[in-house]
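Coordinates only, no sequence provided:
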DNA sequence: GTCAATTCACATGAAAGAGACCACGGTCTAGTG
DNA sequence: CTAGACCGTGGTCTCTTTCATGTGAATTGACGA
């Protein structure tokens, strides 16, 4: 890393300021946070509004479940409708928790703590017995006549991690509350996960169900158009750009967020290159960039042991084998880790790490049975070469490769 | 040739331990009146 | 006498190990035609 002179730095900033007005108008319109009018979801909005409407008269509402794949507007609709309700109804309080957020809610304690904090009381991040936090939460909830509507976004995440006991306790609590009321809106993109739940929870949780179908390409295009007017300057999008983004996102389960990301990234790239037009080709490169960025980020934030496993996998892939299995990875890992002075993990653990790498899309692992020759994961690296190079650089930074990109013994 | 039993190489689950971090309540210490 | 420093206890969190059980189809071996 060289020393950057102040003048250079200044150049970057001023250049950025000039180019900022080149393409974008208000880029925020391409992000999820910015909430414009919601289109193509009238039916769902009405349905949800009808089920939570009784809250206006202080009545308890049915616990509701919302299903739909990513980027179909579940969160947007839920937040919009509930906040409108809160304006109309006295004593209604909306709590929104995204269960996907690590550090916020991947244990029972943390979920409860987060809820309590949302209600306005501090809870230490650890140290207290869980039932004490329960008590605190319910005391707060019952401290005045109020109707708390709890939105648990990506609820399947937390159920998979810590089981459905939490929900059971939360739902059952209503019977003990004197003044407060608690209703639940669960949002999930996994339709099947309901089957794994305790029947009692299942029946009381999904008194009402809403389905959000994926957007089709035409709908996605409408959504994009409604935002590009504000987001981009006039005439910077070549014809067909929006349609292309919509089409690509439609292939991926009608994900509106992805469509917006495509446009934004395409715009950013064109802008950085000093161009005044966003082309269809930009959308294609944007898609690649989105994918690789995700993987690179995943690899970068991987802990040491996991990197060691990844290094073993990359090494096996480099040695020319198309695919290999857990046992192969483990033996190579052992050598690599021993060389680095790392503590050796058991194969049980390595197996889990391989699985995690697969889930993050860094590698490709599939459980197959080879009959007499056992049952194992078939592991592959299916990333394109430039991305593999990036990964190798990260591995090198962590001393799993030497500076020439070779695997050290 | 057919069919069930066998067998491999792990996958997958459950429980529990190690070590870090933290809150809380009690005790000790030093500074103050 | 009191505020703050300093324990000890008991709690959670993450990562990991240990022990146990599950699994899908290629292979094997018994069987009957």
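Perfect, I can see it now. Quick caveat: nothing in here was measured; it's all calculated off a predicted structure.

Please count neighbours and contacts with C-alpha atoms only from this point.
OK.

Which SSE is immediately downstream of whichever strand or helix holds residue A:224?
Using DSSP states H and E, residue A:224 sits within helix A:217-231. Tracing the chain C-terminally past helix A:217-231 and defining elements by DSSP H and E, one meets helix A:241-251 next.

mind listing what's buried in the very next helix or strand once past that next one?
Proceeding N to C from helix A:241-251, the next assigned helix or strand is helix A:256-272, under DSSP H and E. Using 16 or more other Cα atoms under 10 Å as the test for burial, helix A:256-272 gives A:256-271.

Stretch A:279-286 now?
So, applying 16+ other Cα under 10 Å, buried residues of stretch A:279-286: A:279, A:280, A:282, A:283, A:286.

between the residues you listed, which is closest to DNA strand C?
Among the buried residues of stretch A:279-286, residue A:286 lies closest to DNA strand C (Cα to the nearest atom of the strand), at 31.3 Å.

and the closest residue in space to residue A:270 that isn't next to it in sequence, how far is that from residue A:40?
The shortest distance from residue A:270 to any residue other than its chain neighbours is 6.0 Å, reached at residue A:278 (Cα to Cα, 6 or more residues apart in numbering). Residue A:278 is 26 Å from residue A:40, where distance means Cα to Cα, to the nearest Å.

what do you get for residue A:295?
32 Å.

Pick out whichever of these two has more residues nearby.
residue A:295 (20 against 15; other Cα atoms under 10 Å).

ok, the more buried one touching residue A:360?
Yes: counting by Cα atoms under 8 Å, residue A:295 does reach residue A:360; the two are 7.2 Å apart.

All the strands of the stretch 251-400 of chain A, residue numbers only.
Assigned by DSSP state E, counting those that start in this stretch, the stretch 251-400 of chain A shows strands spanning A:324-325, A:364-369, A:375-380.

do you know which of those strands lies nearest DNA strand B?
strand A:375-380 (3.8 Å).

in its sheet, what does the closest one sit against?
strand A:324-325 (antiparallel), strand A:364-369 (antiparallel) (DSSP bridges).

Kindly reformat those strands as TSV containing mean pLDDT and distance to residue A:60.
Formatted as TSV, the strands paired with strand A:375-380 follow (pLDDT from 0 to 100; distance: least, Cα to Cα, whole Å):
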stretch	mean pLDDT	distance to residue A:60
strand A:324-325	96	54
strand A:364-369	96	46
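
Quick check: the gap between the residue nearest the centre of chain A and DNA strand C.
Taking Cα atoms, centre = their mean as the criterion, residue A:100 is the residue nearest the geometric centre of chain A, at 6.5 Å. Residue A:100 sits at a distance of 12 Å from DNA strand C (criterion: Cα to the nearest atom of the strand, to the nearest Å).

Am I right that that residue is in contact with residue A:160?
No: Residue A:100 lies out of contact with residue A:160 (Cα under 8 Å); the separation is 11.2 Å.

shaky segments in chain A?
A:1-4, A:15-23, A:32-36, A:103, A:402-409 (pLDDT under 70).

near DNA strand B, which residues of it show up?
With Cα under 7 Å from any atom of the strand as the criterion, chain A meets DNA strand B at residues A:124-128, A:325-328, A:348, A:351-352, A:355, A:367, A:370-377.

and which of the buried residues of helix A:256-272 is nearest residue A:115?
Nearest to residue A:115 among these is residue A:257, at 26.8 Å by Cα to Cα.

Please name the residues that touch the residue in the stretch 201-350 of chain A that DNA strand B sits nearest to.
Nearest residue of the stretch 201-350 of chain A to DNA strand B: residue A:327, at 3.5 Å (Cα to the nearest atom of the strand). Residues counted as contacts of residue A:327 (Cα atoms under 8 Å, 6 or more residues apart in numbering) are residue A:347.
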